[in-house]
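In: Provide a 3D model corresponding to the input given below.
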Amino acid sequence: MTQAALVVGVSGIVGNTLARHLLREGWSVAGLARRPPGDIAGLQPVAADLRDPQALGGALRELRPSHVFLATWLRQASEAENIRVNAAMVRNLLDAVRPGGSLRHVALVTGLKHYLGPFENYGKGALPPTPFREEQPRLPVENFYYAQEDEVFAAAERDGFGWSVHRPHTIIGYALGNAMNMGVTLAAYATICRETGRPFLFPGSAAQWNGLTDMTDARLLARHLTWAATTPAARNQAFNVVNGDVFRWQWMWERIARWFGVAPAPFPGEGVPLERQLADAGPIWADIARRRGLAEPDLSRLASAWHTDADLGRPIEVVTDMAKSRRLGFLDYQPTDDAFFDLFARLRADRIIP
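Out: You can find the predicted model right below:
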């Protein structure tokens with residue numbers, strides 16, 4: 001049976017990695033974004049805006065995907081606007097592919113804000129105990145992840161396709177110009193510290209420095225998405241997706257520092273957020289890029305300080321349970337320090353960092 005994927009958000013960390021993985025596995029792959037990448041061999045690019053139903057319908061009219069992978073969202077000024085805009089994007093997409101009658105599965109990528117709450121209430125109030133488990137109920141607050149899920153559930157019931165929901169922790173992977181990219185952000189920050197002599201200072205909370213945490217490699221997430229989309233036992237299920245190891249940032253920070261050849265600054269008990277540390281760093285990065293022959297002189301296309309600050313500044317310990325996937329047969333594992341190092345090596349090879 002033909003496996004024809006439509007990867008929505010193909011220019012992001014998840015979509016880019018997933019498209020490459022599916023192509024290696026022999027799928028036919030179309031990739032949708034407002035500006036789809038041109039460097040993925042075999043990808044059928046689809047340029048479209050999910051907020052424009054009419055243009056979206058035209059762009060997808062000839063496609064007959066068997067599987068849709070949704071890995072995109074647009075940040076808005078409030079959670080109410082996040083809900084309105086991002087729910088409509090999912091609804092518009094599923095309405096656009098509906099006439100072809102080819103769809104068998106929709107996979108939606110959300111994240112741990114399912115358990116932690118949206119940015120407006122992030123990590124506040126009464127939260128479920130860790131490790132987070134999929135059967136824990138939704139929080140009693142507005143959350144655009146819930147609205148996205150509900151659009152998928154309603155369309156699945158109407159049209160008869162299966163679904164899966166994937167909840168990664170912070171994702172490590174390769175993408176540029178992405179709104180949420182801790183790995184590339186830390187690579188740029190460490191480079192600036194090494195080149196200028198600034199202290200390489202952990203920017204987060206004492207809870208994150210001392211507590212246990214986990215993360216998600218985009219390559220492992222791509223394999224998990226493919227597994228759930230093709231495994232009958234995983235149909236109509238929500239899953240946490242993390243690497244399988246746990247660590248403390250006080251350990252990881254030293255390892256990252258060593259990779260870049262900088263000394264980790266002593267943790268002062270509460271970090272200085274990266275948004276403050278990098279407020280003046282745009283011209284500094286442009287000068288580094290000029291001197292070292294780097295491919296991207298615009299720091300704003302590499303560093304998403306606000307998102308890294310949100311993750312590293314959480315006042316609570318966050319770890320995630322993977323037992324549901326393990327019981328159903330997904331046994332992949334990825335050491336998180338190696339995930340960082342693999343990313344840094346690729347950034348260096350592509351002249352993104354010196």
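In: now the helices: where do they sit in the stretch 251-354 of the chain?
Out: Assigned by DSSP state H, counting those that start in this stretch, the helices in the stretch 251-354 of the chain fall at 274-277, 281-292, 305-312, 323-328, 336-349.
In: Pull the residues that contact the fourth one.
Out: For helix 323-328, contacts defined as Cβ atoms under 8 Å, 6 or more residues apart in numbering pick out 133-134, 224, 231, 233-234, 237, 239-241. All C-beta atoms are positioned from the backbone trio N, CA, C, and that covers glycine.
In: what's around Gly244, how many residues?
Out: By other Cβ atoms under 10 Å, 19 other residues sit near Gly244.
In: Now for the closest residue in space to Pro53 that isn't next to it in sequence, how many residues are close by?
Out: Nearest non-adjacent residue to Pro53, counting by Cβ to Cβ, 6 or more residues apart in numbering: Asn92, 4.6 Å away. Other residues near Asn92 come to 20 when the count uses other Cβ under 10 Å.
In: Could you count how many residues lie near the nearest residue to Glu25 once chain neighbours are set aside?
Out: Nearest non-adjacent residue to Glu25, counting by Cβ to Cβ, 6+ apart: Thr226, 6.6 Å away. Residues near Thr226, counting by other Cβ under 10 Å, number 20.
In: Same check on Trp285?
Out: Around Trp285 there are 23 other residues, counting by other Cβ under 10 Å.
In: Pretty sure it sits against Glu195.
Out: No. Look at Trp285 against Glu195 with Cβ atoms under 8 Å: they stay out of range, at 9.1 Å.
In: By residue count, which helix of this structure is the longest?
Out: helix 79-97 (DSSP state H).
In: same for that one, what does it pack against?
Out: With contacts taken as 3 or more Cβ pairs under 8 Å, 6 or more residues apart in numbering; DSSP states H and E, helix 79-97 sits against helix 53-60, strand 67-70, helix 144-159.
In: All the strands of this protein, in order from the start?
Out: With strands called from DSSP state E, the chain shows them at 4-8, 28-33, 44-47, 67-70, 105-109, 162-168, 171-172, 212-213, 216-217, 237-241, 247-248.
In: Mean neighbour count added to these, as JSON lines?
Out: What follows is these, written out as JSON lines (neighbours: other Cβ atoms under 10 Å):
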{"stretch": "strand 4-8", "mean neighbour count": "28"}
{"stretch": "strand 28-33", "mean neighbour count": "24"}
{"stretch": "strand 44-47", "mean neighbour count": "16"}
{"stretch": "strand 67-70", "mean neighbour count": "28"}
{"stretch": "strand 105-109", "mean neighbour count": "25"}
{"stretch": "strand 162-168", "mean neighbour count": "23"}
{"stretch": "strand 171-172", "mean neighbour count": "26"}
{"stretch": "strand 212-213", "mean neighbour count": "19"}
{"stretch": "strand 216-217", "mean neighbour count": "28"}
{"stretch": "strand 237-241", "mean neighbour count": "21"}
{"stretch": "strand 247-248", "mean neighbour count": "15"}
